[in-house]
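A.B. asks: Quick one: sequence plus predicted model below, questions after.
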Protein chains: 2
Amino acid sequence: MLTEALVAVRHGGQTPVATPTCTPCPSSSSSQPSSGTLLAQSVSTQETPGSGLHACAKPCETERSATPTVTERVSRSRYLSERGNSIRQQRGILQEGFLLYSQDKYHETDRPDGIINLGTSENKLCYDLLHDRLTRPDMLQLDPPLLQYSDWRGHQFLREEVAKFLTDYCCSPKPLKAENVVVMNGCASLFSCIAAVVCDPKDAMLVATPFYGAITEHLGLYTDVKLYHVHLDSEASSEDGRLFHLTVDKLEEGLRRARHEGFTVRGLVLMNPHNPLADIYTPKEMVGFLEFAKRNELHAIVDEVYMLSVFDDSVTFSSVLSLESVPDPQRTHVMWGLGKDFAMAGIRVGTLYTENRDLVEAAAKLGAFHGLPGTTQKQVAQLLQDRDWIDKQYLPGNRSRLKAAHRYLTGELQGLDIPYVDSPAAMFVWADLRKYLAEPTFEDELCLWRHFLKHKVVLSCGQAFSCSTPGWFRIVFSDQDHRLRLGMKRIKAALEEYKDPITITDCLSIRDGGHKVRTSGRDPDSAAIVRPSSPQGRSSDLPEEKDNTVHAGLDADELVVDCQTSKPAEGLDSLIGTLRHQIRSSSWLEKNTPELSAGEDPEILDVFKALLERARK
Amino acid sequence: MLTEALVAVRHGGQTPVATPTCTPCPSSSSSQPSSGTLLAQSVSTQETPGSGLHACAKPCETERSATPTVTERVSRSRYLSERGNSIRQQRGILQEGFLLYSQDKYHETDRPDGIINLGTSENKLCYDLLHDRLTRPDMLQLDPPLLQYSDWRGHQFLREEVAKFLTDYCCSPKPLKAENVVVMNGCASLFSCIAAVVCDPKDAMLVATPFYGAITEHLGLYTDVKLYHVHLDSEASSEDGRLFHLTVDKLEEGLRRARHEGFTVRGLVLMNPHNPLADIYTPKEMVGFLEFAKRNELHAIVDEVYMLSVFDDSVTFSSVLSLESVPDPQRTHVMWGLGKDFAMAGIRVGTLYTENRDLVEAAAKLGAFHGLPGTTQKQVAQLLQDRDWIDKQYLPGNRSRLKAAHRYLTGELQGLDIPYVDSPAAMFVWADLRKYLAEPTFEDELCLWRHFLKHKVVLSCGQAFSCSTPGWFRIVFSDQDHRLRLGMKRIKAALEEYKDPITITDCLSIRDGGHKVRTSGRDPDSAAIVRPSSPQGRSSDLPEEKDNTVHAGLDADELVVDCQTSKPAEGLDSLIGTLRHQIRSSSWLEKNTPELSAGEDPEILDVFKALLERARK
């Protein structure tokens, strides 16, 4: 299913960054990672061409997870614990994008200059259909048990309705059972519960990258479970021409490597339809993955939250629940929810189907943290049993709207000669913007992400999904036509401007030829100060262990980042990544190198010299 | 406020169990408790008269918390991790009672022999008022943001409404601010979030006992934070005649002891109105506690979920938010919710008010696990702003109904000559049933709890609240009149029967004079097989470290517990506690002691001999 609509346009003469091994990062609550190698988030097993600087090995004890973060330098709070500070400082790119959008939402009349959000995977196409259904009188049904404590797995009536629904819409060969269903307030909660009960702290689960980055927090924040990344290749495979092609061999290799590095691997996370690739695994492929999991006694967590958002009529999605026989039913756990397929991210309903009663029992013990209001449970049951509305109104309406929006977006991308993964499902397109990067680095990718923000459109860049190759972006198309078109207009304007490095001042500008370093020269209020982190480490260009040192070496007065006054100095490695856009039009770096190196650490000079050499290229 | 309505009736000649120091139990995820003493949950600092057996010191690494549990011997699941197995095996008495009730709920016509639940703190008195309000058309208001992702602290409109509500109903001297409000799906979630961000794993918070036992799981399950118990005395204090009287001195002493035992104490949990005592702290007392917290840099988590359930008109409750000046506002966090005061435990709405923005920021990062549906948030906001309904209908109606139910229950207790704590608030009475225990042990208390269950009424016994003295029960009165009266009738019948030990077969009966041990001889389907645990350890009569040994020494065929066929053998220490009821009418123990001691461990015989000696007394 995964085909490339256009031939990938590659930058001539650019050296792709070698695909690294990602080693999950121990959380701050860890003082004793299970092996010495775990300390190094960013050690690459392959030599990266060009510089020994790539063999960076910054201990990442202060991070909660391996998610690429755009963490600001939030000051440590004396009121919070180490764990609390670490949690507070957590900020992924997806969350960051959403936060910025939340503070400055586009509104047609009230805030026409607000941000258009094509970064968060939400379906905003069906509000009229939902409003019609959710305001009918049956949504106000109330009886006493709805206001009382209930089974933490969800009310029996809802679990029965979910079982029936999944039986029908997943084409299960036999009726699914209510006792195998758990309903909680969203799939984040289900991920957390499953991780808590099938893993011990520091255990790991495999996941192929790119993947929906928030899962890292779902598994990491409460339960301290790591995601071990199996990086997929952005180049078409020689066998079938597919990009980012997951195979059992890659999983086997990833598992072997993870175990070699000392991880106890307990599970495998699969998404089907995939996020962010939006492609679909065939039943044969899925069975292969599940058999791999069975062979290795891994739990398979299969996230099918986009299963009803397949808008290409020629394509059939097959749920794991449709299989005549699941290889290891006791270790296969299937998630679904109303957030994506019923366009209600705000309704917080996630469902789990598993035949493993032990897991259900254990998860229920955590249910007090993840309960849904009884009234919502009733409404959801009413909705799921209204097959007439679902089959005749909602699903056809939603699919045709998704299809039209997808057609519009991909048409625009084609017009821009931007390659993308052509997929039949979900609500986003995985697009290849590598040609816009000056260098194939995650700093450049982040700079482009910020540049979109400056143009008041949020996208999600590849590092938010731990993609191993910089330059890919997930573009959500499931928004109302006028917003999607305006978003696309802003994307185009941003890319047009981005082509000309002279005009790029998003990431760094020089004020008055002096020593002040600014971000977002043109539009200081709209740009985020972010600190990049790539799946293979925080920077592919700068030794991470120098990060704090470089900061220590700088006079605080010399480095002023005043993009958002409440935010302290940006990490130098982030600034450095964007210096390249300036270097061609400014002699600032050359002028100031001696001054910047006048700190206490003599290594700074070496770092800057190396950078200067690279920037001049 | 806390006065004793009747003089406590004490058992002549019985030796009260010494009040122990409770040392929180490290969870299973702990391999290294912070000090050696932490391994021993049950070491008493005071010598208990009669036997060296009291100095038990069973390592409790397999437990998740210090909550008294009635854990069955659930077999270990090979699919779950150590943590998962530990979570699955978790079962507190409150949860156990609710579970049994859920499986066999009383219904006037459909199931008249079902269980009446006077054990779970739920208000079932106001359904008519709530139904009237919650089915009005404004509850169906919908707009797009309600179906979309929102601020994890809660929608702005709701936080504003909560701030206004708390300002008014807590009599805040200045308007409370929306940005200090966090709304999540219940106070369990808020406890978990706060614990996660102000504590590191294994850190502790102080709490005075008895206290609402579920908080142990709220702090322990995800975040591995311990509650360090400060035991209050069930005897009236010499100064003011108050039972279970919390003082700053006791807190100071508890803190000193906790630190001496190696705990890092980060906070203090306070409940006002109190659960289970239902009493109210004066502003002066509360300020004293808060100043204690400030002096010691402890976070004060103040749970005020019963603040509007004060039904005695002569009593004024003062919220912490009513104080002109809070001693340490950055470390004072006030919880409220709709579950109790608005009689909607099933609606899952908990609110936090704190001036500590760092904490709010950090808690928000965990918000994806604790989100409420946007539609519910809207409904709650509508409800909270309907002051006419609240002030003229709901609150007066609720209070008068609570008052009437309280009057009925306390009248009945007086008729039975059962002492109780006379309190002006909440929805339960803390009653002293010590006179019904054959011995002042937690085994006997649990036996009485089971006996109530046999009579189809659930109460909550003191060990569920870590009460240091066996024999206290929390009786919930906020149920419909016909159920409350039927529940009381069943309580009376149970107590009447319990007075005569010959008739008591709930806990142990002998079949055919043989070797089979049965629980609940008369009514095998209704009684729980439970394993007692007292605040100071699992048993006050049997050395805990012998537990597994004794089991190992028994022939599995010899010990058959077939009360519920799916449940494996009950812990011997639980059975032992009930043997006393049999010993007077049976020679079984004496006959069978040699056979029971024929196992591999020679210590078994000693244990049994000691037990036999004690049982004969």
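C.D. replies: Yes, it's here. Residues are numbered from 1 along each chain as shown, chains lettered A, B, ... in the order given.
A.B. asks: Skip the chain neighbours and tell me the closest residue to whichever residue of the stretch 101-250 of chain A sits closest to chain B.
C.D. replies: For the stretch 101-250 of chain A, the residue closest to chain B is A:Val197, as judged by CB to the nearest CB, at 3.3 Å. From N, CA and C alone the C-beta is placed, and that goes for glycine too. Ranked by CB to CB, 6 or more residues apart in numbering or on different chains and with sequence neighbours excluded, the top spatial neighbour of A:Val197 is B:Gly84, at 3.3 Å.
A.B. asks: Just the element for that neighbour, please.
C.D. replies: helix B:82-89 (DSSP states H and E).
A.B. asks: That helix packs against which elements?
C.D. replies: helix A:187-198, helix A:357-365 (3 or more CB pairs under 8 Å, 6 or more residues apart in numbering or on different chains; DSSP states H and E).
A.B. asks: and whichever helix or strand comes after that helix with helix A:357-365, angle?
C.D. replies: Remark: after helix B:82-89, the chain's next helix or strand is helix B:93-103, criterion DSSP H and E. Helix B:93-103 runs at 110 degrees relative to helix A:357-365, counting by axes from the mean of the first three to the mean of the last three CA atoms, to 10 degrees.
A.B. asks: quick check, helix B:93-103 touching chain A?
C.D. replies: Yes: residues of helix B:93-103 contacting chain A under CB under 8 Å from any CB of the partner chain: B:Phe98, B:Ser102.
A.B. asks: Output that helix as PDB, restricted to C-alpha atoms.
C.D. replies: Taking C-alpha atoms only, helix B:93-103 is exported to PDB below (Å, rounded to 0.1, in the frame of the first residue of the first chain):
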ATOM      1  CA  ILE B  93     -11.000  -3.900  51.800                       C
ATOM      2  CA  LEU B  94     -12.800  -0.900  50.400                       C
ATOM      3  CA  GLN B  95     -12.300  -2.200  46.900                       C
ATOM      4  CA  GLU B  96     -13.200  -5.800  47.900                       C
ATOM      5  CA  GLY B  97     -16.400  -4.700  49.500                       C
ATOM      6  CA  PHE B  98     -17.300  -2.700  46.500                       C
ATOM      7  CA  LEU B  99     -16.500  -5.600  44.200                       C
ATOM      8  CA  LEU B 100     -18.700  -8.000  46.100                       C
ATOM      9  CA  TYR B 101     -21.500  -5.500  46.100                       C
ATOM     10  CA  SER B 102     -21.100  -4.900  42.400                       C
ATOM     11  CA  GLN B 103     -21.600  -8.600  41.700                       C
END
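A.B. asks: surely the residue nearest to A:Val197 meets A:Lys365?
C.D. replies: No: contact between B:Gly84 and A:Lys365 fails when scored by CB atoms under 8 Å: they sit 9.6 Å apart.
A.B. asks: Could you list the low-pLDDT ranges of the stretch 251-400 of chain A?
C.D. replies: Regions of the stretch 251-400 of chain A meeting the criterion pLDDT under 70 are absent.
A.B. asks: OK, contacts around the closest residue to chain B within the stretch 451-600 of chain A?
C.D. replies: Proximity of the stretch 451-600 of chain A to chain B (CB to the nearest CB) peaks at A:Gln480, 9.5 Å away. Shown in contact with A:Gln480 (CB atoms under 8 Å, 6 or more residues apart in numbering or on different chains): A:Lys124, A:Leu125.
A.B. asks: Tell me how far it lies from A:Leu359.
C.D. replies: From A:Gln480 across to A:Leu359, the span is 40 Å (CB to CB, to the nearest Å).
A.B. asks: Same check on A:Val305?
C.D. replies: Computed as CB to CB, the A:Val305 to A:Leu359 distance reads 19 Å.
A.B. asks: give me the number of residues near A:Ser102?
C.D. replies: Burial measure for A:Ser102: 15 neighbouring residues, criterion other CB atoms under 10 Å in any protein chain shown.
A.B. asks: Kindly report the same for A:Ala404.
C.D. replies: 15.
A.B. asks: which SS state does it fall under?
C.D. replies: helix (DSSP: H, G, I helix; E, B strand; the rest coil).
A.B. asks: which bits of the stretch 151-300 of chain A sit near chain B?
C.D. replies: Where the stretch 151-300 of chain A comes near chain B, counting by CB under 8 Å from any CB, the residues are A:151, A:185-186, A:188-189, A:192, A:196-201, A:203, A:214, A:217-218, A:221-223, A:266, A:299.
A.B. asks: returning to that earlier point: what's near enough to touch the residue nearest to A:Val197?
C.D. replies: Applying CB under 8 Å, 6+ apart, we find B:Gly84 in contact with A:Ala196, A:Val197, A:Val198, A:Cys199, A:Asp358, A:Leu359, A:Ala362, B:Ser77.
A.B. asks: I'd like the distance between it and B:Ile390.
C.D. replies: 43 Å.
A.B. asks: follow-up on the earlier one: correct me if wrong: the residue of the stretch 101-250 of chain A closest to chain B contacts B:Arg88.
C.D. replies: Yes: between A:Val197 and B:Arg88 there is a contact under CB under 8 Å: 6.9 Å.
A.B. asks: which residues do the two both contact?
C.D. replies: With CB under 8 Å, 6+ apart as the test, A:Val197 and B:Arg88 both reach A:Ala362, B:Leu80.
A.B. asks: So for these two, which sits in the more crowded spot?
C.D. replies: The residue with more neighbours, out of A:Val197 and B:Arg88, is A:Val197; 29 against 24, by other CB under 10 Å.
A.B. asks: Can you check the pLDDT for the more buried one?
C.D. replies: Confidence at A:Val197, expressed as pLDDT, is 98.
A.B. asks: show me the contacts for it.
C.D. replies: Contacts of A:Val197 (CB under 8 Å, 6+ apart): A:Leu359, A:Ala362, A:Ala363, A:Leu366, B:Leu80, B:Ser81, B:Arg83, B:Gly84, B:Ile87, B:Arg88.
A.B. asks: again with A:Arg490
C.D. replies: A:Ile116, A:Phe452, A:His455, A:Lys456, A:Val457.
A.B. asks: gap between the first one and A:Ala404?
C.D. replies: The one in question is A:Ile116. As judged by CB to CB, A:Ile116 and A:Ala404 stand 18 Å apart.
A.B. asks: And for the second one?
C.D. replies: Taking CB to CB as the criterion, A:Phe452 is separated from A:Ala404 by 23 Å.
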